[in-house]
Structure formats: C-alpha cells, structure tokens
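**Student:** sequence first, predicted coordinates after that:
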Amino acid sequence: MKIASWNVNSVRTRLPTILKWLEDAHPDVIAMQEIKCQDEQFPRTEFEDMGYNIAVHGQKSYNGVAILSRYPIEESTNTLPGDDLDDQARYIETVLGTDTGPVRVASIYLPNGNPKDGGKFTYKLEWMRRLRAHAKALRAHEEKLVLAGDYNVIFRDEDCWDVAAWADDALYAAEVRDEFAALMWEGFTDAYMAKDGQPHQYTFWDYQRGCWQRGHGIHIDHILLSPQAADILQGVEIAKDTRAMDKPSDHVPIIVELDA
DNA sequence: ATGCCACCTTCAAGGTGA
C-alpha cells in the first residue's frame, strides 16, 4: 500500500492539480494538510468518485487536515489529547481496515512557530510535546502506525539549501530539532532516512524569490513509522515533479510504500 | 533590498499567515 503525505495549500484552489496527481500516482492513502476550508466545503464527491473514503478536520481559512483512504475508515479522531483549548485544526487520526489488518494513520500539520521570540514559538513547542506524549501512548499499542505530515522541522543541516539562511528561523531552532529527535526516540523511524537519506532532497520550495528555479528548498514533510510499520517499509519517494505543475502547492507529496 | 500565494472582509485593497 502507498501512503502519501501532502500539504496542498488549499484543497479547493488546488483541486485540479491534486486530482491529476492522484490519477498518475494512485496512492491508497493521502494524508493532507492545509486544506484551508471548513468540513462542509471539502470537495468530497470528486475524491469519492475516485474511490476514496474521507475523514476531514477543517476550519475556516487556515490550517485543516484530512485523510483519504481506499480502505474503510474504521475509526477517526480530530484531537491530540490535551488540546482542549486548541482551536486550530492540525491533527486527524484514523484506523484503516486493510486486507492485512488495521493500520493507524495520522495527518499532522505542525505549527510554523515564527517568529521565534513570540507566543507562536511557545505554541509550536507545546504542540510538539503533546504530539510526543500521544505518539508514545500509541506506540505502546504495538500496531502499524504512520505519523505523516508537514512537521515544519528542518531536522538535518542537509535538509536545507543553506543553513545560514535558516539559522534564526523557528523551523531550524535547536529546541524544535531536539523535540523532533525526542519524538523519534520514542521508537519511530523516519521513512526517508531509513530508505533513502540522500541530502538536499526537498519537499518545500517557497513561492518567493524564485526558490524553485534556484533549488532553494527545505525538507520538512516527514513520515514517521512505528516498528511494526517500519518492518514492512518497502520504499519512499518524493514526488518532486508536482512542484512544476500548473498552480502548484509550495509542498510536494512524500510517499511511503508498505508491504501490506 | 525584493520578487508569492491563499483567504478574509466586503467589492478593493489591505491584513494575516507562513
């Protein structure tokens, strides 16, 4: 099964681009971020016509996440434990009924955190701590678990074109990279690092300053796997070509193939 | 130094987010 993670930067604006890529790549599951619409505005029928079941956690204008699945969605939740006061739609988690048993998939839109000296940075770190606590709890279930999303974390120096350009940014802050490492230390495998790991393979290029044309990207979309999922990891791919499509998202899909 | 894009309010252009 192929599971993709894609920050689409508005599902309504991007719909033709998304549908075209789905026809070409036909992933079984898509974890979407930044759908930028409310639940009732999500273009359900277009995806249902392609055979996908849908779980949406939207909000007006900003954020919003969704999971599309060819497999039945047996369970779905929209909240990270501890986020009762969190009004931002950044997390959705489903249990998918595959032919080889349940696979739990989360779509994660981690806060950007800029500027680094403000409340948004504190919110990012708090959000990451909540994610780690929840991931630890899920990890104890010893099931196939896929934590896919836009983490807004530049983890390695070679995940950006120029470290100096990101030195003071919340995506590269030491506290943020430490917290991402702590998440992985709960027993998760970064699919890209496990199967490829090549430096300077990016998942995001800013629309500004000709970043795409200049190769000025960053690798901030990650797919983390529990041991039970990592054991059946067949491969990983970054669909870089989608960045050159008409009306592209500033992110491209990252895809894992699991032997399930 | 700057270059983009989407969405909101409310019909035009500025604010916010990233």
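**Tutor:** Noted; the coordinates are in hand. Numbering: from 1, shown residues only, chains lettered A, B, ... in the order given.

**Student:** next, the contact list for A:Thr77, please.
**Tutor:** A:Ile92, A:Glu93 (C-beta atoms under 8 Å, 6 or more residues apart in numbering). For the C-beta atoms, the positions are set from N, CA and C on the backbone; glycine is no exception.

**Student:** again, but for the one 4 residues further on
**Tutor:** Residues counted as contacts of A:Pro81 (C-beta under 8 Å, 6+ apart) are A:Arg130, A:Ala133, A:His134, A:Ala137.

**Student:** would it be right to say that it lies in a helix?
**Tutor:** No - judged by DSSP: H, G, I helix; E, B strand; the rest coil, A:Pro81 forms no part of a helix; its state is coil.

**Student:** distance check, it against A:Tyr52.
**Tutor:** 27 Å (C-beta to C-beta, to the nearest Å).

**Student:** what's the neighbour count on A:Glu186?
**Tutor:** 16 (other C-beta atoms under 10 Å).

**Student:** return the residues of the stretch 101-250 of chain A in contact with DNA strand B.
**Tutor:** Neighbours of DNA strand B within the stretch 101-250 of chain A, by C-beta under 7 Å from any atom of the strand: A:Pro111, A:Asn112, A:Asn114, A:Lys120, A:Asp206, A:Tyr207, A:Gln208, A:Arg209, A:Gly210, A:Lys247.

**Student:** please indicate which of the residues you listed are buried?
**Tutor:** A:Pro111, A:Asn112, A:Asn114 (16 or more other C-beta atoms under 10 Å).

**Student:** longest single helix anywhere in chain A?
**Tutor:** If you go by DSSP state H, chain A has its longest helix at helix A:119-139.

**Student:** packing partners for that one?
**Tutor:** strand A:144-150, helix A:174-185 (3 or more C-beta pairs under 8 Å, 6 or more residues apart in numbering; DSSP states H and E).

**Student:** same list (those) but as JSON lines, adding mean neighbour count and mean pLDDT.
**Tutor:** Output for the helices and strands packed on helix A:119-139, formatted as JSON lines (neighbours: other C-beta atoms under 10 Å; pLDDT from 0 to 100):
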{"stretch": "strand A:144-150", "mean neighbour count": "27", "mean pLDDT": "98"}
{"stretch": "helix A:174-185", "mean neighbour count": "16", "mean pLDDT": "97"}
